[in-house]
Every structure is written in C-alpha cells, then in structure tokens.
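J.: what follows is a predicted structure for the sequence shown.
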Amino acid sequence: MAALPEEMQGDLQTHFDQTLERGRRIEPRDWVPEAYRATMIRQIAQHAHSEIIGMQPEGNWITRAPSLRRKAILIAKVQDEAGHGMYLYSAAETLGADRADLTDKLIRGRQKYSSIFNYPTLTYADVGVIGWLVDGAAICNQVPLCRSSYGPYGRAMVRICKEESFHQRQGYELLMTMMRGTAAQRAMVQDATNRFWWPSLMMFGPPDDQSPNTAQSMAWGIKRHTNDELRQRFVDMTVPQAEKLGVTLPDEDLKWNTEREHYDFGAVDWTEFMAVVRGNGPCNAQRIARRKAAHDEGAWVREAASAHAAKRGGSGGSSPPEPALRAALRQDAA
Amino acid sequence: MEESPGQVRSDWPLYEVFLRGKRGLNHVHVGSLHAADPEMALHHARDLYTRRNEGVSIWVVAAKDITASSPDEKDPFFAPSGDKAYRHPTFYEIPDDVPHI
C-alpha cells in the first residue's frame, strides 16, 4: 500500500470502524488496516492449506475403499476438499495475496495448517470418524465464519458449509454401517474414535486464556465465538451422536452438568497439541513432502498448458503475474 | 516458464467466474480461479463451482479485463443518484383513497 497522509489515514480508519460497527461487510479493495489484512490473509491461507493437506489422510484410502459406492463417495469428498481450498485461495487473493506465494509458504513450512491432518489414517473406520468428528468440528468452527466481516471469506464459508454437511453425514453413515457389522468392525470404529477424539477437540485451538489474539479478532468480526465456546458446543453436539452410534468417547470425566446445562469434559493435552503444531506430529513431514511432490510433479503440466495457450495466441504464458485488480487496489489508496 | 528450484511460480492468469444458477436468473459472480487460457478456465470453473448442479451457464472473464469503480459506496462516483429521491415512487404523496396507484 502506498503511504497516505496521516489525516487521510484517520478518515479511512474511521470509515473502516464504522463499517464494522454497523455490521456491514468489508469488501475487496476497501481500505483496511494493515494488521486486519495480514491477519485475514493468514487466517484464510491457513484454512485453505488445511483443506488441501486434508485431502491426504482420506485420499490414502481411495484405492482401498471396500465398495464402488464407498469409493465414489470418498472421491467426491476428497474432490470437495480440493474445491474448498480453491475457494479459499481465491478469497485470499482478493486481499492482495499471491496464490503461488501461499503454496510456496505452505511447502516451506512458513504457514500452518490444522494440526488434525498430521495424524495418520490407520483403518477404514478412520474415514468415517474423520467425517463424523473432524468435519463435525470443522462445521462448528465454520458456521459462525459465514458471518465473517470479510465478505469473500464469508461467502466462501457459506459454500463450504453446505458441502461439509455431506461430509459429516457420509462419515456417520459409514460408521453406522460398520457398527451393524462384525465385532471386529465395531472394534475398529471404537479404536478410530479413541484416536481422533482428543485431536478433534484440539481443532478449536488453545484455551481462551492462552489465545491472546481472540479479543482483536472478535472486535474485527473475523471470529464470532471463543475457542472454548466452540469446543463446548462441539462436545454437547457430539455426545448424543456417540451414544446413538454405540461408541464410548475416551474421556472418563465426560458427564452432563445439570447446573451448567453442558457436558463437562476432561483436560486436553496441550503439550501434545503444541508439539504437533511445531512440526512433531506423526505425519507432519510426510504431509508436506507429499504436497511438494504433487506440486513438482505437476510442473510439466502447468508449463505445457501455458505453452499451448501461448501458441494459440492466448494470454497464458505471457500475462503479468500481477492481476489488474491488485494494481487497481494500490491505485485506489494512492 | 522456468521454475527456479523450490520456488513456486504462477504464470496462469486469474479469471473471474460468473454462474447462471438456472434459467431466468442473471449470471452472478462466484469467485475466481487460475487457468492457462479461457477454455481451461471454463473447465476449471465447471469442476470448481458446479459440482452440485449450481449452474446452467458459466462466464469466465480474465480479471485483468475488468474495469471496476472504486469500492467505497460513499464514493462521489455514486453521488449523482444520491440526491434524486424523486426517482422513487415513495417520493410522491397520493391520497389513500386513490385506487390502483
């Protein structure tokens, strides 16, 4: 952004503040404080990366799905995750981020993705549990984000939430089917639940008293509920689903609190969470290596498509990497 | 087109995508994507934005070809319509007992 005279900056800040106070959305090319832009890009990019990396744990099972029906469902689901990543990168670009740069930051480990995807998928029951718990937690997180103050992000979330419902339901249905099966299949479901329950609770992020950015994010309307509120909501929603399914959630402290009218639950192991976030989870290195390999192996396709477009007189290879909208954005501020 | 080692490059231009949800509706902007040429943009748009019958017609437009007004709704650009209340039917006082108006 070009530097602005101080008084003009003040006007813009006032206008930005008023837009938020009135509950209106911020749209691309609006003036926003640099910290809002940076936070928003980081949030959207991290979300996009999570969708892209999130294809891997389940994609692992596409070739080994137990029936053609399950295989078709799983392919559709993994394809959706790719789509969600694309919607989100598209939203990040409206803030001036560059998609190639975001991919680069992911591959170099300079931007994060949800730590849940650093856990392995050991059995086919994991596919069901990911749909039920991981996508269930994602829905809890994402539904309030449909009202994010940043318009393109909110709109992407609306689209994503509609599709997540399919993800959760296919997972739960898969688990119900396995629970009607053999004792071994029921044991697989219980085992997968045991492994994914706590990491799912970690998806909501650190406890409120250790989440210093929450207040600012709520003031900006880019976060609508605190981590602990959403975690509680998820637990309350999930316990009856577990009962119906016939699995036990691996927490001895889990019980209904009549006073609070919520479920109490045990302490999350935040040291594990921090270790996984820092890169020491079971699959961190594998996930990034796979993403990098996919990108490198696709290089010739990207080059060939650009060469083909250039040959046909298209704008493919020769167009400037800096889209005009972004240039216009800078002109607006000048 | 050369990629320096480890460095991600994007040479595919950005396209904005517009969908007609069903017959009788306008095309509406739904997002953007990168593609090598317009034809690929159309295919990508189909895969990305119409996986569940969300559209019966797609437009893709190179983002660089879009000319846009300033985003601010209070911009003087829109002033000409701001002070012309007489363009709205509610500007005119008509007695309640006048029928069909």
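T.: Received the coordinates, thanks.

J.: give me the neighbour count for residue 29.
T.: Reading this off chain A. By other C-beta atoms under 10 Å in any protein chain shown, the residues close to residue A:29 number 22. Placement of C-beta: from N, CA and C, glycine included.

J.: looking at chain B here, not the other one
T.: Residues near residue B:29, counting by other C-beta under 10 Å: 13.

J.: partners of the helix or strand hosting it in the sheet?
T.: Using DSSP states H and E, residue B:29 maps to strand B:27-34. Strand B:27-34 sits in its sheet next to strand B:14-20 (antiparallel), going by DSSP bridges.

J.: check contacts around the residue lying closest to residue A:232 once chain neighbours are set aside.
T.: In this structure, residue A:232 finds its nearest non-sequential neighbour in residue A:262, 5.6 Å apart by C-beta to C-beta, 6 or more residues apart in numbering or on different chains. Residue A:262 makes contact with A:232, A:235-236, A:256, according to C-beta atoms under 8 Å, 6 or more residues apart in numbering or on different chains.

J.: kindly report the same for residue A:249.
T.: By C-beta under 8 Å, 6+ apart, residue A:249 lies in contact with A:193, A:197, A:238-239, A:242.

J.: one more: residue A:110?
T.: By C-beta under 8 Å, 6+ apart, residue A:110 has no neighbours at all.

J.: is it located within a strand, as I assumed?
T.: No - counting by DSSP: H, G, I helix; E, B strand; the rest coil, residue A:110 is not found in a strand; it is coil.

J.: from residue B:59, how far off is the nearest residue to residue A:238 once chain neighbours are set aside?
T.: Leaving aside its chain neighbours, residue A:238 sits nearest to residue A:136 (6.3 Å; criterion: C-beta to C-beta, 6+ apart). From residue A:136 across to residue B:59, the span is 36 Å (C-beta to C-beta, to the nearest Å).

J.: of the two, which one has the most company?
T.: Neighbour count, other C-beta under 10 Å: between residue A:136 and residue B:59, residue A:136 has more, with 23 against 17.

J.: mind giving me the packing neighbours of the helix or strand encompassing the more buried one?
T.: Element membership of residue A:136 [criterion: DSSP H and E] is helix A:135-142. With contacts defined as 3 or more C-beta pairs under 8 Å, 6 or more residues apart in numbering or on different chains; DSSP states H and E, helix A:135-142 has these neighbours: helix A:151-179, helix A:183-202, helix A:227-245.

J.: what's the weakest-modelled helix or strand in chain A?
T.: When each helix and strand of chain A is scored by mean pLDDT, DSSP states H and E, helix A:324-333 comes last, with a mean of 50.

J.: any regions of the chain where pLDDT drops low?
T.: You didn't say which chain, so I picked chain A. Residues of chain A meeting the criterion pLDDT under 70: A:1-7, A:314-334.

J.: wrong chain, I was asking about chain B
T.: Scanning chain B for pLDDT under 70 picks out the ranges B:1-10, B:71-75.

J.: redo that, cut-off 80
T.: Within chain B, the segments meeting pLDDT under 80 span B:1-11, B:70-76, B:82.

J.: contacts only, for the residue nearest the centre of it.
T.: Centroid check for chain B by C-alpha atoms, centre = their mean gives residue B:29 as the closest residue, at 3.4 Å. Going by C-beta under 8 Å, 6+ apart, residue B:29 touches B:16-18.
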